[in-house]
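Participant: Give the three-dimensional model of this entry:
(one chain, ligands or ions: 2)
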Amino acid sequence: MKTSVCIIGGGPSGLMLSQLLHLKGIDTVVLERQSREYVLSRIRAGVLEHGFAALMREAQCGERMDREGEIHDGFIIAHDGQQSRVDLHKYSGGSSVVVYGQTELTRDLYEARDKMKGIVIHNAEDVQPHDLKTANPFVTYRDGDEVVRIDCDYVIGADGFHGVSRKSIPRDVLKEYEKVYPFGWLGVLSRTKPVSPELIYAKHERGFALCSLRSQVLSRYYIQVPLSDTVEEWSDEKFWGELKRRLPAEVAARLITGPSIEKSIAPLRSFVAEPMRYGNLFLAGDAAHIVPPTGARGLNSAASDIYYLYHAMVAHYKNGDDSGLDNYSAKALARVWKAQRFSWWMTTMLHTFADGIGYDQKLQQTELEYLFSSEKALGSLAENYVGLPF
Ligand code: FAS
Ligand code: PHB
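Facilitator: Ligands and ions are numbered 1, 2, ... in the order given. So this is what the prediction gives:
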């Protein structure tokens, strides 16, 4: 098999790039390790930057997002017994975010690939990139007992944190930066009316909590839990009780609870791998970087990688201009590190650190007091949350 761009990973990063390139007449093949059903069973991000939403529309996949997604102009930070609203629209100069689940946008991307007869191969086993430092890289994978070879010009590693691509870069070339937080998020999805029309990020001495949503009949809630906790230890009843304890009384009083239809614990970590290019391999999305979800930057950081790669590939194939490819790693990392900073700042400000000495807690309080006393501080939060320019 031969293609121009072989994409490893059929998550949002890989599918989005495949769709955008196809619309420009650049052929791709996507290799996904799991089944489509498995990929679509994942419950992950819920907040899209306006740049991501624009990319979905450019990929001709934005119609259901615009119909079913919700525009949010602000969110609440609950702290020290009060609820303070962050007016994103005012402090970002008129921008906002779209609340629309990653599961749904991934479904939209798959359907768009089907409509254009895009090649997405599922259950691709033992995917391996080869000859990345040559002009003729190729990728192999197993289909049952058969080994299939795909010759290509470029390989995109969009295979997430546990993928094969990043590990294909020699250890003496790759530099990894990591920060592991001493807690995780226990997340619950329930077919209940959301407790608030806007997201509530709650700082509480018992631990952080987040009230989010997927629609007006589908709620998404999280509470900070120790890394040692397991989902089995958290009955629905125990979860709802703990969430209520961490919310302002008037919010807890109106919380509608119901059976969890998904419940999982995700550890929080910050991670960046450099460089994001090795020969003719380009890393994108979670394959290259991970953020704690506090700042809703995870999926949105993948979007800017895809945006840069898309424009770089079009410049190469249409104009013979390789400047975008040559600058990709530096350009993508510049924005990735800004998302890392913002995610670290939101996580450090809002979570409870068991070993937090008095000084760190005083700093947390000061961060919040400064934030809500300064329009410039609110402007900084808002421009990061709605998404820095690509
Ligand atoms: P993905 O991991 O989504 O996709 C990579 C794909 O590659 C997967 O489908 C995988 O099966 C496939 N793959 C892996 N190895 C392969 C191989 N060897 N061969 C072929 N295919 C292979 N972000 C937020 O903004 N907000 C959140 O609340 C949030 N919650 C999250 C919760 C969890 C548990 C996780 C893991 C992530 C969360 N994220 C969140 C971040 C998440 O949304 C990612 O940023 C997003 O999935 C990135 O998309 P991709 O880069 O496509 O990576
Ligand atoms: C979510 O709805 O899953 C969500 C929203 C905002 C975040 C993290 C997760 O910061």
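Participant: Can you get me a residue count around C211?
Facilitator: Per other C-beta atoms under 10 Å, the neighbour tally for C211 reads 24. C-beta coordinates here come from the backbone N, C-alpha and C atoms, glycine included.
Participant: and if you look at S228?
Facilitator: Look at S228: counted by other C-beta under 10 Å, it has 9 neighbours.
Participant: quick one: it and G184, what's the gap?
Facilitator: According to C-beta to C-beta, to the nearest Å, S228 stands 9 Å off from G184.
Participant: With adjacent residues omitted, what lies nearest to G187?
Facilitator: Closest residue to G187 apart from its sequence neighbours, by C-beta to C-beta, 6 or more residues apart in numbering: Y222 at 4.7 Å.
Participant: tally of neighbours for Q128?
Facilitator: Using other C-beta under 10 Å, Q128 has 13 neighbouring residues.
Participant: and it, what element?
Facilitator: Secondary-structure assignment from DSSP states H and E places Q128 in strand 125-130.
Participant: Dump the C-alpha coordinates for whichever helix or strand comes after that strand into PDB.
Facilitator: Sequence order places strand 138-143 as the next helix or strand after strand 125-130, per DSSP H and E. In PDB, the C-alpha atoms belonging to strand 138-143 read as follows (Å, rounded to 0.1, in the frame of the first residue of the first chain):
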ATOM      1  CA  PHE A 138       7.200   3.000   5.800                       C
ATOM      2  CA  VAL A 139       4.900   1.600   8.400                       C
ATOM      3  CA  THR A 140       4.000  -2.000   9.000                       C
ATOM      4  CA  TYR A 141       1.200  -3.500  10.900                       C
ATOM      5  CA  ARG A 142      -0.300  -7.000  11.400                       C
ATOM      6  CA  ASP A 143      -3.700  -8.000  10.100                       C
END
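Participant: and the protein, which residues reach ligand 2?
Facilitator: Proximity of the chain to ligand 2 (C-beta under 6 Å from any ligand atom) is limited to residues 45-47, 199, 212, 220, 293-296.
Participant: secondary structure element for V29?
Facilitator: With DSSP H and E as the test, V29 turns up in strand 28-31.
Participant: if I pick the closest residue to D153 other than its chain neighbours, what's in contact with it?
Facilitator: In space, and not counting its chain neighbours, D153 is closest to S4: 5.3 Å by C-beta to C-beta, 6+ apart. By C-beta atoms under 8 Å, 6 or more residues apart in numbering, the contact set of S4 is 21, 26-28, 152-154, 317.
Participant: Quick one: buried ones out of those?
Facilitator: 21, 26, 28, 152-154, 317 (16 or more other C-beta atoms under 10 Å).
Participant: In contact with the residue nearest to the spatial centre of the chain, which residues?
Facilitator: Nearest to the mean C-alpha position of the chain, by C-alpha atoms, centre = their mean, lies L299 at 2.0 Å. Contacts for L299 (C-beta under 8 Å, 6+ apart) come out as 12, 44-45, 48, 52, 102.
Participant: For L88, give its distance to C211.
Facilitator: Counting by C-beta to C-beta - L88 and C211 are separated by 17 Å.
Participant: How about the secondary structure of the residue nearest to the centre of the chain?
Facilitator: Here L299 is recorded as helix under DSSP: H, G, I helix; E, B strand; the rest coil.
Participant: For ligand 1, what's its nearest residue on the stretch 51-200 of the chain.
Facilitator: G160 (2.6 Å; C-beta to the nearest ligand atom).
Participant: State the pLDDT value of that residue.
Facilitator: pLDDT for G160: 98.
Participant: Then D73?
Facilitator: 98.
Participant: In the chain, which residue sits closest to ligand 2?
Facilitator: Using C-beta to the nearest ligand atom, the closest approach of the chain to ligand 2 is made by G46 at 2.5 Å.
Participant: which residues in the stretch 251-390 of the chain form strands?
Facilitator: Assigned by DSSP state E, counting those that start in this stretch, the strands in the stretch 251-390 of the chain fall at 260-274, 277-278, 281-283, 289-290.
Participant: what residues does the second one touch?
Facilitator: This means strand 277-278. Contacts of strand 277-278 (C-beta under 8 Å, 6+ apart): 132-133, 168-170, 173-174, 283, 325, 328-329.
Participant: what do you get if the cut-off is 7 Å, keeping everything else the same?
Facilitator: Applying C-beta atoms under 7 Å, 6 or more residues apart in numbering, the contact partners of strand 277-278 are 132, 169, 173, 328-329.
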